[in-house]
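A.B. asks: Next one to model:
(2 chains)
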2 protein chains.
Amino acid sequence: MAQTVLLDVSGVLYQGSRVIPGAVQALSRLRAAGCQVRCLTNSTRQPKRRIMGKLRELGFDIQPEEVFTPVAAALAWLDRTGHSPHLLVHPALEEEFRACKGGGPPAVVVGDAGLAFSYENMNRAFRLLLEGAPFLALADNRVFLDEDGQLSLDAGPFIKALEFASAATPRLFGKPDPEFFRAAVASTGCPPQRAAMIGDDAESDVAGALAAGLAAGYLVRTGKYREGDETRHDPAPTAAVADVLEAVDHLLTQNSL
Amino acid sequence: MAQTVLLDVSGVLYQGSRVIPGAVQALSRLRAAGCQVRCLTNSTRQPKRRIMGKLRELGFDIQPEEVFTPVAAALAWLDRTGHSPHLLVHPALEEEFRACKGGGPPAVVVGDAGLAFSYENMNRAFRLLLEGAPFLALADNRVFLDEDGQLSLDAGPFIKALEFASAATPRLFGKPDPEFFRAAVASTGCPPQRAAMIGDDAESDVAGALAAGLAAGYLVRTGKYREGDETRHDPAPTAAVADVLEAVDHLLTQNSL
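C.D. replies: Below you'll find the model as predicted:
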């Protein structure tokens, strides 16, 4: 039976425009060992085609069907229910929603909008939520490691603001939604108990994967990792390791799948 | 012993540029009955001098010492601790903080910043909070009734966002902070159990005043009031009434103070 390893992308495989040392080798070792690989990213500041392009440019051997973002699941929901997306997302992400048939009443879709998180855009989304529009969250991460090396606000705080103001409950499509992990694992034909996750977000990646029933969750001390993260969230990581290469070493040598 | 009535301003005495019908008469009736009056507003989109000016222009007989905003208490805190304010407030409010001596490390001060709630300003405040700067909230109201007659986002949702992202706990200076109500009542020499509050915000004005030990809290069905507000928060209002005039009628005829 297949063994599947899910990998977060930013902070695990690369940071900004640099490969995390050992990450290309880690991926090769997983391939050589016959593991299936899926990249799961909550990053919604760029479309999937750009994430793919960047991974390949940096030397990662990844196929389009191996990259999972929350957008596909949100688009499927919109098409199924006939809602039209009212976007509060990064301008670069808008192209992915052009395929949406829409035509029905609006649904508010929130991603990591970055500078588009203006008061006016927030207020417009709030008013639609107050009128009963469904509330779709592409991700709810608190923070991400910004290009200047400091933490910056991710989509989560702004989603929390809209939730608090409108009393509407967001439907989450990215990590740590258990369905997101399970869909990625299922695409490999492997059961969750033979799959592991490697991420730099102790809450969204690691605790999320374990709560979704995956066998193991490795927390890497790269990317947005901050001292003490391994004890901040429940469930705790299977192990906290230096980086993705050490995580893969651990996975393959401990035979933990 | 004095009987004191606290009044919210926007949505109770006026709405936008219009006097709420009966509000001038309501204030006169309180004066004639020998009640002390204090106006308590969480509005932080304009300095106190403009709130005063507007009340007088609209025909309300109010003295400066009768108007309480959260700014005075926040300034006192800053002066006492020696912190310098890092402002995330409406540009019109900045003048009130010029008096601040400062010189010490930064404290993040958040009011209803309106359009100044940009991603960049939010992120700057977040990073200071992450470094341990104290977190001062001038108010934490969810929504306010905007000039176009619709509800808009107030400071509360943005404070919630910063709290969620940084795990810092805000120190609140406006309603429903019990100290804010008690300071206003104490300035009249009256004990809280001989004071009442009249407001259009069931949570911040009415439940807040009752939780602070005031004898009565009237919810008016003007301003931001929405059907069902009387049952949404705990403690429930003493009574929900049409407007401030009916609240004053009730107060004076029921002899409830």
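
A.B. asks: Which residues are in contact with A:Leu129?
C.D. replies: A:Leu129 makes contact with A:108, A:135, A:162, A:165-166, A:168 under the criterion C-beta atoms under 8 Å, 6 or more residues apart in numbering or on different chains. (Glycine included, C-beta is placed from N, CA and C.)

A.B. asks: List, out of those residues, those positioned next to chain B.
C.D. replies: Under the cut-off given by C-beta under 8 Å from any C-beta of the partner chain, chain B has A:162, A:165 from those close to it.

A.B. asks: quick check, nearest of the contacts of A:Leu129 to chain B?
C.D. replies: A:Ala165 (4.1 Å; C-beta to the nearest C-beta).

A.B. asks: my read: the closest one touches B:Asp140, true?
C.D. replies: No - judged on C-beta atoms under 8 Å, A:Ala165 makes no contact with B:Asp140 at a distance of 11.2 Å.

A.B. asks: joint contacts of the two?
C.D. replies: B:Gly156.

A.B. asks: Now do the same contact list for the most centrally placed residue in chain A.
C.D. replies: Against the mean C-alpha coordinate of chain A, by C-alpha atoms, centre = their mean, the closest residue is A:Asn42 at 2.4 Å. By C-beta under 8 Å, 6+ apart, the contact list for A:Asn42 reads A:69-70, A:112, A:138-139, A:141, A:154, A:174-175, A:204.

A.B. asks: same question, A:Val67
C.D. replies: Listed by C-beta under 8 Å, 6+ apart, the contact partners of A:Val67 are A:9, A:38-39, A:41, A:48, A:51-52, A:55.

A.B. asks: Also A:Gly103?
C.D. replies: A:82, A:84.

A.B. asks: and it, backbone torsions?
C.D. replies: Note on A:Gly103: backbone dihedrals following degrees, to the nearest 10 are phi 100, psi -30.

A.B. asks: Quick check, pLDDT for it.
C.D. replies: At A:Gly103, the pLDDT value in this model is 85.

A.B. asks: what's the answer for the one 10 residues further on, then?
C.D. replies: For A:Ala113, the model assigns a pLDDT of 97.

A.B. asks: On the three-state scheme, the closest residue to A:Pro106 other than its chain neighbours is what?
C.D. replies: Nearest residue to A:Pro106, sequence neighbours excluded (C-beta to C-beta, 6 or more residues apart in numbering or on different chains): A:His86, at 4.3 Å. Three-state call for A:His86 (DSSP: H, G, I helix; E, B strand; the rest coil): strand.

A.B. asks: Can you report how many residues neighbour A:His86?
C.D. replies: Burial of A:His86 is recorded as 19 neighbouring residues (other C-beta atoms under 10 Å in any protein chain shown).

A.B. asks: what bridges to it?
C.D. replies: Applying DSSP bridges to A:His86 gives these bridge partners: A:Val108.

A.B. asks: quick one: A:Lys175 and chain B, what's the gap?
C.D. replies: 17 Å (C-beta to the nearest C-beta, to the nearest Å).

A.B. asks: if I look at that residue, how far off is A:Asp154?
C.D. replies: In this view, A:Lys175 and A:Asp154 are 12 Å apart by C-beta to C-beta, to the nearest Å.

A.B. asks: And the helices in the stretch 1-150 of chain A?
C.D. replies: Along the stretch 1-150 of chain A, the stretches classed as helices by DSSP state H, counting those that start in this stretch are A:23-32, A:48-57, A:70-81, A:119-130.

A.B. asks: now those helices as TSV including mean pLDDT and distance to B:Pro64?
C.D. replies: Conversion of these to TSV gives the following (pLDDT from 0 to 100; distance: least, C-beta to C-beta, whole Å):
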stretch	mean pLDDT	distance to B:Pro64
helix A:23-32	97	64
helix A:48-57	95	58
helix A:70-81	93	53
helix A:119-130	98	30
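
A.B. asks: Can you tell me which of those is packed in deepest?
C.D. replies: Most buried of these, by mean neighbour count (mean count of other C-beta atoms under 10 Å in any protein chain shown): helix A:119-130, with a mean of 20.

A.B. asks: Next up, the contacts around A:Gly124.
C.D. replies: Gly isn't right for residue A:124; it's Arg. A:86, A:88.

A.B. asks: roughly how far is stretch A:147-162 from the heart of the chain?
C.D. replies: Centre-to-centre, stretch A:147-162 and its host chain are 14 Å apart (C-alpha atoms, centre = their mean, to the nearest Å).

A.B. asks: List, one by one, the residues from the stretch 51-200 of chain A near chain B.
C.D. replies: So far as C-beta under 8 Å from any C-beta goes, the stretch 51-200 of chain A lies against chain B at A:113-120, A:122-123, A:126-127, A:130, A:142-143, A:150-154, A:156-158, A:160-162, A:164-165.
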